[in-house]
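J.: here's a sequence, model it:
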Amino acid sequence: LDSMLSLFRRNHPSRNFSMYGPGHVPLWGAITLSCALYSGAVEVPTLPRIMRDHHQGHVGYTFHEVDAQNVMQTAAVVLLVAVVIYIAMLQPKSNPKSIRRPLVAALGLQTSFQWFLFQGYVVLSTTHMFLQARSGTTGYSPIAATVLVYFGKALVALGMHVRTEGLPFSALFEPSGGRFGRVPIIVCTAIPGACFAAYDAMSFLTLSTLDPVTYQIVVHCRILLIALFWQIAFRKPLTGSQGLALLLFVFASLSKCADKLQSVHLTSVKTGLTILFGQILISAFNTVCSEVLLKEVTISTDLINFATYTQGLLALLLAAMCAPSLGGPMVVLEDIFGVAAWQKLHQDPWMISSIVCLVCFGIFTAYFLKELSSVLKELTGCCVMLLTAVVEWPVLGASTCTRSSVLAVLLAVAALATYNLDPITAPSTDGKGKKAQDFAEPKKSKQAS
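T.: Next up, the predicted model:
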């Protein structure tokens, strides 16, 4: 530790890396707590146990005897200690007030509208998790539910566009400009629409061949691909704090699933994993592509949403009718428009609430990507994890508070704190391609005058 501090002092003489003053008592308290958690998480084989096992014929320990939960918990504790030291080292020495960000400017949120989008996205994401867990009791088709979600998004986007811009749709046939050149806007919106349809169609195949735990564990690694595509698309590398925050979120997601790692079965699922990796690749590409399209095309966000979800709805219907595993076009149409299907939907209020929630969630996601970034969109999973723990443990009692889940929550908090050291900031817009006034602009204008 002393060698590491000496190296940092030489490279960054303006920083305060002293860890022995009274101001760093919380730091050493966190290290002590982490060591205590480590001692409870890892079962160290003592000398009497080794001698007893040797006498019984067990010569040594092999890797397959290591508990997966202990491995995840050990990695989580080590990361927590490293993050606490990292944050403590980045505290400025001269002006302590400079590290205190205003509440509205935390996580790179520069305006009250961005803060509203962030809160709404977290609340809708958490609400959808609880609604989806309770829906589907009547056997309503998930394909029909997905079609209704796409139709609802397109209808809401159309209503918002007509309310603000009127009926003309000629802007969709104009050249996109920028990196898209003279390609019509309606052709550019077809790319994320097709990706949406492909992602949802592949999810039906993936969930039929993989268990839910394996699906969740692999999907959480999507943020690494999104970070890679985001850096390529915007030609802006992520900083060390931003990359560490993403790594912490991945470990938090894996630690949350650590209690169920014993139920993961990776045998005879090569096809499912192949489809899932392709699904993740499409999702990551589509997220960054949608962000680029929303930020660089000058037409309104509502019109882009309408075109994207309408094209996605048509592509999804075409893919569902052509899929032989779904029984053919007549079966799909009966599942969507049949009288029995509507009766099942009417008897499942949780499914109706989930569809409405997803419609609102899609609109919020588009404005979120336009105002902020896809990297922060993925990191909102940390807030969802915290809010879910608060609701599940003391309020609903739906799950137990285990050591792995506590470590997952702590890692989520550490990820948000690390990202807040150097967040991604972008000029705010009002949803119509116009810049909104930034919270720092009045100071600049005052200084200029």
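
J.: which elements pack onto the strand or helix carrying Leu254?
T.: Assessed by DSSP states H and E, Leu254 sits inside helix 240-256. If you count contacts as 3 or more Cβ pairs under 8 Å, 6 or more residues apart in numbering; DSSP states H and E, helix 240-256 packs onto helix 68-89, helix 212-219, helix 222-234, helix 374-390, helix 403-421. Yep, even glycine has a C-beta here, placed from its N, CA and C like the rest.

J.: mind listing what's buried along the next helix or strand after that helix?
T.: Per DSSP H and E, the first helix or strand lying C-terminal to helix 240-256 is helix 270-296. By 16 or more other Cβ atoms under 10 Å, the buried positions in helix 270-296 come out as 272-273, 275-276, 279-280, 282-295.

J.: do the same with stretch 303-319
T.: So stretch 303-319, judged by 16+ other Cβ under 10 Å, has buried residues 303-317, 319.

J.: and Ala245, how far from Thr402?
T.: Counting by Cβ to Cβ, to the nearest Å, the gap from Ala245 to Thr402 is 24 Å.

J.: these two: who's more crowded?
T.: Comparing Ala245 with Thr402 by other Cβ atoms under 10 Å, the one with more neighbours is Ala245, at 27 against 14.

J.: isn't that one up against Ala415?
T.: Yes: with contact defined as Cβ atoms under 8 Å, Ala245 reaches Ala415; the gap is 4.7 Å.

J.: now the common contact residues for these two.
T.: Here Ala245 and Ala415 have Leu379 as joint contacts, going by Cβ atoms under 8 Å, 6 or more residues apart in numbering.

J.: among the buried residues of stretch 303-319, name the ones in helices.
T.: Those of the buried residues of stretch 303-319 mapping onto helices are 303-317, 319, per DSSP state H.

J.: where is pLDDT lowest across those?
T.: The pLDDT minimum for these sits at Ala319, where the score is 81.

J.: quick check: closest non-adjacent residue to that residue.
T.: Ala201 (4.4 Å; Cβ to Cβ, 6 or more residues apart in numbering).

J.: which neighbouring elements make contact with whichever strand or helix holds the one you found?
T.: Ala201 belongs to helix 185-209 when assigned by DSSP H and E. Counting contacts by 3+ Cβ pairs under 8 Å, 6+ apart, helix 185-209 packs against helix 142-165, helix 270-296, helix 301-322.

J.: same question for it, mean pLDDT?
T.: The predicted model gives helix 185-209 an average pLDDT of 81.

J.: quick one: that helix to helix 270-296, angle?
T.: Here helix 185-209 runs at 150 degrees with respect to helix 270-296, directions being taken by axes from the mean of the first three to the mean of the last three Cα atoms, to 10 degrees.

J.: what residues are up against Ala341?
T.: Neighbouring residues of Ala341 by Cβ under 8 Å, 6+ apart: 140-141, 144, 334-335.

J.: quick one: buried residues of the strand or helix carrying it?
T.: If you go by DSSP H and E, Ala341 is part of helix 339-346. Across helix 339-346, burial judged by 16+ other Cβ under 10 Å covers 341, 344-345.

J.: between these, which is closest to Ser112?
T.: Taking Cβ to Cβ as the measure, Leu345 is the one of these closest to Ser112, at 37.4 Å.

J.: gap between the closest one and Arg163?
T.: Counting by Cβ to Cβ, the gap from Leu345 to Arg163 is 28 Å.

J.: now the phi/psi pair for His175, please.
T.: Not quite, residue 175 is Pro, not His. The phi/psi pair for Pro175 (degrees, to the nearest 10) reads phi -60, psi 140.

J.: okay, and the beta partners of it?
T.: Beta bridges link Pro175 to Pro184, judged by DSSP bridges.
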